[in-house]
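Q: I'd like to go over a predicted model; first the sequence, then the structure.
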Amino acid sequence: MGHSTIEHDSQASPRSSAARKTRVQAGIDIGGTFTDFALMLQPARRLIIGKRLTTPKDPAIGLLKGLQSLLAEHDIDAADLEFVVHATTLVTNTVLERNGAKVGLLATAGFRDVLESGTEHRFDIYDLMIRLPQPLVPRHLRLPVNERMDIRGRELEPVSEESVRKAAATFKAEGVEAIAVSLLHSYANPQHEQQVGRILAEVLPGVPVTLSSTLLPEIREYERTLTTVINAYVQPRVRDYLQKLQGALTDLGIHQPLYVMHSAGGLMSAGQASIDPIWINESGPAAGALCAAHFGKQCGLTELISFDMGGTTAKTCLIRDGQPTVATDVEIGRQERFKKGSGYPMKVPSVDLIEIGAGGGSIAHIDSMQLLKVGPASASSEPGPVCYGRGGTQPTVTDADLVLGFLDPAHFLGGDMPLDRDSAYKAIHDRIAKPLNMEVLDAAWGIHELVNENMATASRIHIVEKGADPRNFAMVAFGGAGPVHAYAVAQRLGAAKLIFPIAAGAASALGLLLAPPAADLVQSFITKLQSCEWSRLTSVFEEMEQRGRTQLAGFHLPDARIVRSLDLRCAGQGSEINVPVKNGPLAAEDLDGISQSFHEQYTKLYGRRPPSAQIELMNARVRVMGEERVLDTSPSSAGKPTSKTETRSRAVYFGAKAGFLDCAVLHRSELRPGMSGTGPALVQERESTLVVPPSKPWSVDAQGNIVVELGAR
């Protein structure tokens, strides 16, 4: 497997005794098309980046082969690895492909059908043939438990052990592989669920059981039940995958534990991920957003748009005050992949991003109205774009970029994977240009522009919905295809500055090395803020903090950082705003400060003061985390700057008005801090190509980032 190496210091060679004291940190992100690798060697500050096609039938195969290849190429002893951090799409894929475990659900008598009643929401009110997501548990495996708690957690009816044992016998006869337990109001009092769990462990030993009161003690019956069911549905597959992967890494000589990135931007142990796999649903995109925030801080910028475009999808995330925004709701397994509301809503804190069906592998086609469309279907890694020469026949965004000249057919993945421009040209001609009676270059430009417009439109809506103006943000662009398309998306959004970080083509893998160990916990605590029992709320926070420390025990954190917050709303409204609060005991004198923070957040989000209604407290939240990691990826002054480089150029088509423009072609490895120029230009690195638009100045900052000044819109 080819690779990129970024040298930050002229230390001893890999075979010297000094190098044998090297500590290696590895981040591996499995995407829909490519698997990315980032190895950081300390203390030499040497970064090695790798990229190879994902093996969709068994993603672990590509991961292991790629890692083994990188270690061999650089003579790195596997025993020197301090840790491996992994991001995977396994949870999402399991739900999309409907190949999870056979799940049984135990619910309070009278509430077995909550999965079907849902919120009674139609994601498309005009679609008479609408397909709503089907329950992951068939009705004959959704069984009642005779018991009842009230909303305050007071017992109204004790658990009928007979009903639990009867349900367990049915599950055993049906061959159920995992069980979800979600009883009414268990967030207020978990005793009944715990009792049911003990009975199931006795009657069905070895069958994994997910209790909603342990996984998600949060109000809203449908979402809590659904989240519990999805966790049970994916648990056996994720557990087996992580155990197999850990064993394979051990066979390679890597004896350190495997860590997994979770959706809210922190690390968890593989063991914890095997128990609560829903936490790793958005692990790769979360790592990318962390990386964007890191490089933004290097440039002195804290208000950023993270733009990550890979082979299958593009993701946009808003970064405020140097941190990716986090949402407490996420949707998975959509019937219409990019239609909000068409999937399963889960109550899991996740980096708040929008996913767009636009990647390098997105397929261009002509619809029934004879209009050009791009995506959301993707050629993925098998067969991939036509130009990959792996059997693909439908033109994609990558094929269009190649025909337009943005990509060098001899330099893709450093030359390890040559691209077939003639095949791409023919595919666009036969399937797009000829049917539409247009020139191939114009058809390819149409594909390029259409996907840019789709991404910009979706990104603008996402940003504006957060109460922000994209013109006030700089864009950090990464991913295999992101640096090619970022200039057009940023210009459409009105962003004044565009940043291409070091290792832009595999930034998500690098972001895995930045994530701190973290545990996020929630507990519903429903009361009017004015009449809050502050001592009891303080006790709830302390109990959650202790649970978080227990989850992170394997990371040996001497001083964990605690972040507390409350979900507040105007009484009678249906959505909450998260407001940070201080650590330590809370008391009545804190009421005014908390109320003021809520009013400020409300005004910032909605543009007006909240109505004169009482403030209602819904949930208490705690994040327990280690110190944020800092990676020094800045170029070393010890390296010799390249004063002269071979002059290279390539003609690139920028549309009918501009035509072909002669673009300077630079290699990222030759650029040093202080260098500058004016577009159009192409900066090639092994994993991606950076496009600087015509007439726009670019420069290399002290950290090695390429900064393009787009100017005010």
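A: Noted; the coordinates are in hand. Numbers count the residues shown, from 1 in each chain.
Q: quick one: contacts for Val451?
A: Applying Cβ atoms under 8 Å, 6 or more residues apart in numbering, we find Val451 in contact with 358, 362, 374-375, 397, 485. All C-beta atoms are positioned from the backbone trio N, CA, C, and that covers glycine.
Q: Tell me the one among the residues you listed nearest to Val229.
A: Gly375 (29.9 Å; Cβ to Cβ).
Q: how many neighbours does the closest one have?
A: Residues lying near Gly375 (other Cβ atoms under 10 Å) number 25.
Q: so it, which of the three states?
A: strand (DSSP: H, G, I helix; E, B strand; the rest coil).
Q: Kindly report the same for Cys663.
A: strand.
Q: What pLDDT does the model give it?
A: pLDDT for Cys663: 94.
Q: Isn't it up against Gln684?
A: No. Using Cβ atoms under 8 Å as the test, Cys663 is too far from Gln684 to be in contact (10.8 Å).
Q: now, the most widely separated pair of the contacts of Val451?
A: Comparing all pairs in the contacts of Val451 by Cβ to Cβ, the longest separation belongs to Gly375 and His485, at 12.8 Å.
Q: I'd like the contacts of Val451 laid out as CSV, including pLDDT and distance to Met675.
A: Rendered in CSV, the data for those read as follows (pLDDT from 0 to 100; distance: Cβ to Cβ, whole Å):
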residue, pLDDT, distance to Met675
Ala358, 82, 31
Ser362, 89, 34
Val374, 89, 35
Gly375, 80, 36
Val397, 94, 30
His485, 95, 24
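Q: For these, give me TSV that also has distance to Ile254.
A: Formatted as TSV, the contacts of Val451 follow (distance: Cβ to Cβ, whole Å):
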residue	distance to Ile254
Ala358	36
Ser362	35
Val374	41
Gly375	38
Val397	36
His485	36
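Q: List buried residues within these.
A: Buried residues within the contacts of Val451, defined by neighbour count using 16 or more other Cβ atoms under 10 Å: 358, 362, 374-375, 397, 485.
Q: what about the strands in the stretch 601-713 of the chain?
A: All strands of the stretch 601-713 of the chain, identified by DSSP state E, counting those that start in this stretch, fall at 615-625, 649-653, 660-667, 676-678, 681-685, 688-692, 697-700, 706-709.
Q: May I see the ones you listed arranged in CSV, with distance to Leu513 as well?
A: As requested, those are exported to CSV (distance: least, Cβ to Cβ, whole Å):
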stretch, distance to Leu513
strand 615-625, 16
strand 649-653, 33
strand 660-667, 24
strand 676-678, 29
strand 681-685, 18
strand 688-692, 19
strand 697-700, 22
strand 706-709, 21
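Q: Low-confidence stretches in this structure?
A: Scanning the chain for pLDDT under 70 picks out the ranges 1-21, 44, 335-338, 632-647, 712-713.
Q: any idea which residue of it is furthest from its center?
A: Going by Cα atoms, centre = their mean, the residue of the chain most distant from its centre is Glu162, 43.4 Å out.
Q: does Leu510 really touch Ala504, like I thought?
A: No. Between Leu510 and Ala504 there is no contact under Cβ under 8 Å: 9.5 Å.
Q: Can you give me the neighbour number for Pro257?
A: 14.
Q: And it, how far from Lys51?
A: Going from Pro257 to Lys51 by Cβ to Cβ, to the nearest Å gives 25 Å.
Q: just Glu282 next, same as before
A: Relative to Lys51, and taking Cβ to Cβ, Glu282 is found at 21 Å.
Q: residue ranges for the helices of the stretch 401-550 of the chain, please.
A: Using DSSP state H, counting those that start in this stretch, the helices of the stretch 401-550 of the chain run over residues 421-428, 434-436, 440-465, 482-493, 507-512, 534-551.
Q: so which of the ones you listed comes closest to Val145?
A: Comparing the helices of the stretch 401-550 of the chain by Cβ to Cβ, helix 534-551 comes nearest, at 25.2 Å.
Q: list the buried ones in the next helix or strand after the closest one?
A: Downstream of helix 534-551, the next assigned helix or strand under DSSP states H and E is strand 561-570. Within strand 561-570, the residues that count as buried by 16+ other Cβ under 10 Å are 562, 564-570.
Q: Please name every helix or strand in contact with strand 561-570.
A: With contacts defined as 3 or more Cβ pairs under 8 Å, 6 or more residues apart in numbering; DSSP states H and E, strand 561-570 has these neighbours: strand 577-581, helix 591-606, strand 615-625.
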